[in-house]
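>>> Please find the sequence and the predicted model below.
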Amino acid sequence: MNAPVNSKKLIKGATGDWEIVLGLEIHAQVNSQAKLFSGASTEFGGDPNSHVSLVDAAMPGMLPVINEECVRQAIRTGLGLNAQVNLRSTFDRKNYFYPDLPQGYQISQFKSPIVGEGEVIVDVSDNETITVRIERLHLEQDAGKSIHDLHPTLSFVDLNRSGVALMEIVSKPDMRSSEEAKAFVTKLRTILRYLGTCDGDMEKGNLRADVNVSVRRPGEELGTRCEIKNVNSIRFIGQAIEYEARRQIGILEDGGSIDQETRLFDPGKGETRSMRSKEEAHDYRYFPDPDLLPLEFDQAYVDDLAQHLPELPDAKKTRFIADYALTAYDAGVLVAERSSADFFEDVAKGRDGKTAANWVINELFGRLNKKGEDIAASPMSAAQLGEIVDLIGEGVISGKIAKDLFEIVYNEGGDPRQIVETRGMKQVTDTGAIEAAIDAIIASNPEKVEQAKAKPTLLGWFVGQVMKSTGGKANPQAVNELLKAKLGIE
Amino acid sequence: MTELTHLTLAEARDGLKAKSFSAVELATAHVAAIAQARALNAYVLETPEKALAMAKASDAKIAAGTAGPLEGIPLGIKDLFCTEGVVSTAGSNILKTFNPPYESTVTKNLWNDGAVMLGKLNMDEFAMGSSNETSAFGPVVSPWRRTGSNVGAAGAGGIEGTHLVPGGSSGGSASAVAAHLCLGATATDTGGSIRQPAAFTGTVGIKPTYGRCSRWGTVAFASSLDQAGPITRTVRDSAIMLRSMAGLDLKDTTSADLAVPDFEAAVSRGVKGLKIGIPKEYRVEGMSPEIEALWSKGAEWLRDAGAEIVEVSLPHTKYALPAYYIVAPAEASSNLARYDGVRYGLRVPGRDIAEMYENTRAEGFGREVKRRIMIGTYVLSAGYYDAYYVRAQKIRTLIKRDFEDVYAKGVHAILTPATPTAAFGIGEKGAADPVEMYLNDIFTVTVNMAGLPGIAVPAGLDPQGLPLGLQLIGRAFDEETLFAAGQVIENAAGRIALPSAWWAKA
């Protein structure tokens, strides 16, 4: 919290610099077939109230029974966040009335969460890395959904989500800019997706953030914070923070003070507005849920889960840099999604890692990004791209031809080696044929020959002409050498 | 046919087995008795057709030799247990028309063992009360009358005179069992709701160890204290019935993963060599001399049967009642939040959601329930939680430890009075000061706070001719010792004279 102030992160106000202090509470829906305390399905998109058990509807006499899969996923997430896993935790009731909360309370973990302190390493930019400390992770029930726009005077309630397991992951106030906060959520999402503990789908609301924003003069005590509830995209998180920080700075610079309150972000207007003040805050009357025994498991269980954890992005990145001689940037891009990293490794295995990375990142990702698609949508397999890389390495095709080949395989599919064969895309290394082409060009351009002898950089023009006349198939290295010899330049 | 209703559950079971009578005959006799006893208001819903259909099925099973342990035994069910397709109200207006699509585990266990359902029994609203006066269906009348009282049957199936309460909250269960309107009844006990009405009506009631019976499908009052148990006319009958009610239920994570013993086998075990504790702290001010005398007599009976009687100390007893009236309302305030008019039960419209909540709960809940919701909300609120709820939980731990210390010294069970007085008249208590009513639980709440088993056994009559009961408190999951010791008291006291059916409609 009292880390040295990074002057680059400060916001210029009318009366001087301000530092933003950000802490996040991420609500991540646990990847599980059934809800946290009932056997009802967690499937998204069912008809309203089609995934509701007697427990979810809080019928009289119903009792919660913990879903072990959700516990397992929470522990795995804790391990992925390098966090303390608590062998004993308890469930509490958070009491409040709302139509989409059938029990009249949410079962959550208030006093003793399943996961304690941990940390996440976040790459903010090419050369900047921060550590965001995790305060806790706890399991809790999601609420249902109130629908207010289907009837002129009544509201409807859909309980499909009611009782679905959420992990609330709380960070310490360790972020100092919207960029850092966005990078943190992105990284957290990546870790969750690697672990398979949350699909991270923010559009479906499966990952959402409460953002705590305060501002202060650099080096001073923490300011009063406002909590922006339920922001459901990384872009909106950035916008909400920017707006909120400037709003608070504006108030403070005008001599006002910040009221601690809960606010909502309106993506349409790009602004936050007050939802309820501290005085209107609920008294949740937390107390231990008497229907549930303390949640207990042994260290051996945790150790076993730890042993079977997949390789996580940080470790994978380090390995990519070491094993494939990638830049930190390229490795970072590749590990952002587990599927991308796996695709890259399939391409790179037994080949030149750097070339593979170039083709995966620049060509394939470039192509997919244009359409907003991810690696799963790639029409080209790792084997196909690998073969293109092989053909370059073997000198069968030139880099330029390789791009044409990529286009063909991307659009039409097929075996790259066969395509090269049948479409005559093979690089010409027969010096006789290249020599003939060079001779013809020299003969018809005597002036250029003279100029080139005086200014060797003009060699490039000749290379281009030769490539053109050979349909790009001439081996560029051979062309270069032959031209130099014939033009008599070193 | 009437004498069929005067059999004990064990006798009826044996008679059915011997084919001395049929399950249909047994059910029919009870259905007729219930119809004549509506003045007692013990049943809130009679299910005669269901009873006869179930009895018919039982007869078929008996004939086929596939009878269950309770085959053909007609029972009354406290209306706190949800019964599939049969309205289950918890004695409240807010659930007056609630028809559950599911069966509570306890009742399902009973039906699986062959029992027959006669109907749903009246009770204090949400099991909150000690006299059955808080029921939305009106009070239950005790079949017992003080000697020379003016209580009697009036025209049109009514009652005249100031009748006695059967105790609560399982007042319908106790009254129905005492009045021979069923062979046994399910009941529940959060602070004494099985044992106090059993004591008031000369019946036997056991609250088993917390976790012995599943709570699934039973409307919750205070989850950490609620426990189901039977009320019957004999100790043996309670043993038989509890065995069928109990058992591990994966739908209730607080239910115990322990085999259910053959409780009936323990009934004739005797108490030879057992150490029975008499806690000095239970000698409270204002206890009636008859109760005190009865308590001594109970100790003598046990000693005569071969038990060693020792004085023991449960030093935190006096804190139990106030702590209970924090813990139980706290849990209740949360458990009852679901009755909001949104999904089921009563809904009284309002201009907006908040007003709908207010209107629904204002009309749906009675005074006592509202009082406890308010107490519970208060003790859990910010700034008061530590002073009330946390301290009450600490007291609870100390009470538990009191019992553990006593049992660690080799004591097998503890003998206490079940109630400080005999039954009182309707309207006599708690009208001005609710605490007066709460004091009924003074000997029973400690047992719920500690999660232990406790049985109330009738032990005699007071000078007014009203039954008095003694309580035996056991070690966790040792209900068997309670049945053994309870039987010794039952043998010594003799089956106390049951009231004549003065209420019966001609």
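Done, it's in.
>>> Next, count neighbours for residue 231.
In the absence of a named chain, this looks at chain A. As a burial measure, A:Val231 scores 25 neighbours (other C-beta atoms under 10 Å in any protein chain shown). Every C-beta, even on glycine, is put in place using the N, C-alpha and C of the backbone.
>>> Chain B was what I was after
Neighbours around B:Ile231, by other C-beta under 10 Å: 34.
>>> is it true that it lies in a helix?
No: using DSSP: H, G, I helix; E, B strand; the rest coil, the assignment for B:Ile231 is strand, not a helix.
>>> Skipping its backbone neighbours, what lies nearest whichever residue of the stretch 1-150 of chain A sits closest to chain B in space?
Proximity to chain B, evaluated over the stretch 1-150 of chain A using C-beta to the nearest C-beta, is greatest for A:Gly104 at 2.4 Å. Nearest residue to A:Gly104 in three dimensions, chain neighbours excluded: B:Ala337, at 2.4 Å (C-beta to C-beta, 6 or more residues apart in numbering or on different chains).
>>> To which secondary structure element type does that neighbour belong?
Relying on three-state DSSP, one would call B:Ala337 helix.
>>> show me where pLDDT drops low in the stretch 1-150 of chain A?
Counting by pLDDT under 70, the stretch 1-150 of chain A has low-confidence residues at A:1-3.
>>> Just the strands from it, written as ranges.
With DSSP state E, counting those that start in this stretch as the criterion, the stretch 1-150 of chain A has strands at A:11-13, A:16-29, A:88-89, A:92-95, A:105-108, A:118-125, A:128-141, A:145-147.
>>> contact partners of the last one?
Applying C-beta atoms under 8 Å, 6 or more residues apart in numbering or on different chains, the set of residues contacting strand A:145-147 from outside is A:Pro48, A:Tyr98, A:Pro99, A:Asp100, A:Ser155, A:Phe156, A:Val157, A:Asp158, A:Asn160, A:Arg161.
>>> My guess is the residue of the stretch 1-150 of chain A closest to chain B contacts A:Lys94. True?
No: using C-beta atoms under 8 Å, A:Gly104 makes no contact with A:Lys94, being 10.2 Å away.
>>> Give me the pLDDT value at the closest residue to chain A within the stretch 51-200 of chain B.
The nearest approach of the stretch 51-200 of chain B to chain A comes at B:Cys82, 5.1 Å away (C-beta to the nearest C-beta). You'll see B:Cys82 listed with a pLDDT of 98.
>>> Report pLDDT for the spatially closest residue to it that is not a sequence neighbour.
Computed as C-beta to C-beta, 6+ apart, the closest residue to B:Cys82 that is not its neighbour in sequence is B:Pro100, at 4.0 Å. What the model reports as pLDDT for B:Pro100 is 98.
>>> Pull the contacting residues for B:Pro100.
A:Met59, A:Pro60, A:Gly61, B:Cys82, B:Thr83, B:Glu84, B:Gly85, B:Val86, B:Ser88, B:Gly217.
>>> separation between the second one and A:Gly23?
When distances are taken as C-beta to C-beta, to the nearest Å, A:Pro60 and A:Gly23 turn out to be 40 Å apart.
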